[in-house]
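Colleague: Model the following, please.
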Amino acid sequence: MTINYKTQGTCSRQINIEVENGIVKSVQFIGGCNGNTKGISQLVAGMKVEDVIAKLEGTTCGFKGTSCPDQLAKALKQAL
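Modeller: Below is the predicted model of the structure:
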């Protein structure tokens, strides 16, 4: 399954996610902090979707009520 999620409230504009059999295969952020989003993508590759949601949901960035990791969790949750 491929998910193309338009983010809200973050520097990144979109997250492209590939999920297979409940496992995150790849994540690509469009925009955002390059090093941080690449790091998040590498860390979650191979993880169960539910585990990614549990770890990242509710993460904030500075004064914002969300973050790129939180938006990734939202995208995965919506896809379930």
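
Colleague: and Met1, what does it touch?
Modeller: For Met1, the contacting residues are Glu18, Val19, Glu20, Ala79, by Cβ atoms under 8 Å, 6 or more residues apart in numbering. No exception for glycine: its C-beta is placed from N, CA and C like everyone else's.

Colleague: oh, I was asking about Val44
Modeller: Val24, Val27, Val52, Leu56, Leu72.

Colleague: rerun that using 6 Å as the cut-off
Modeller: Residues in contact with Val44 (Cβ atoms under 6 Å, 6 or more residues apart in numbering) are Val24, Val27, Val52.

Colleague: Quickly list what Ile30 is bridged to.
Modeller: As for beta bridges, Ile30 partners with Gln14 under DSSP bridges.

Colleague: how close does it sit to Gln71?
Modeller: 11 Å (Cβ to Cβ, to the nearest Å).

Colleague: neighbour count winner among the two?
Modeller: Shown here are Ile30 and Gln71; by other Cβ atoms under 10 Å, Gln71 has more neighbours (24 against 13).

Colleague: Nearest spatial neighbour of the more buried one, chain-adjacent residues omitted?
Modeller: Thr7 (4.4 Å; Cβ to Cβ, 6 or more residues apart in numbering).

Colleague: Likewise for Val27?
Modeller: Nearest non-adjacent residue to Val27, counting by Cβ to Cβ, 6+ apart: Ser41, 4.1 Å away.

Colleague: does the one you found belong to a helix or a strand, and which?
Modeller: Using DSSP states H and E, Ser41 sits within helix 34-44.

Colleague: average pLDDT for that helix?
Modeller: Summarised as a single mean, pLDDT over helix 34-44 is 97.

Colleague: buried ones in that helix?
Modeller: Buried residues in helix 34-44, counting neighbours by 16 or more other Cβ atoms under 10 Å, are found at Asn36, Thr37, Ile40, Ser41, Val44.
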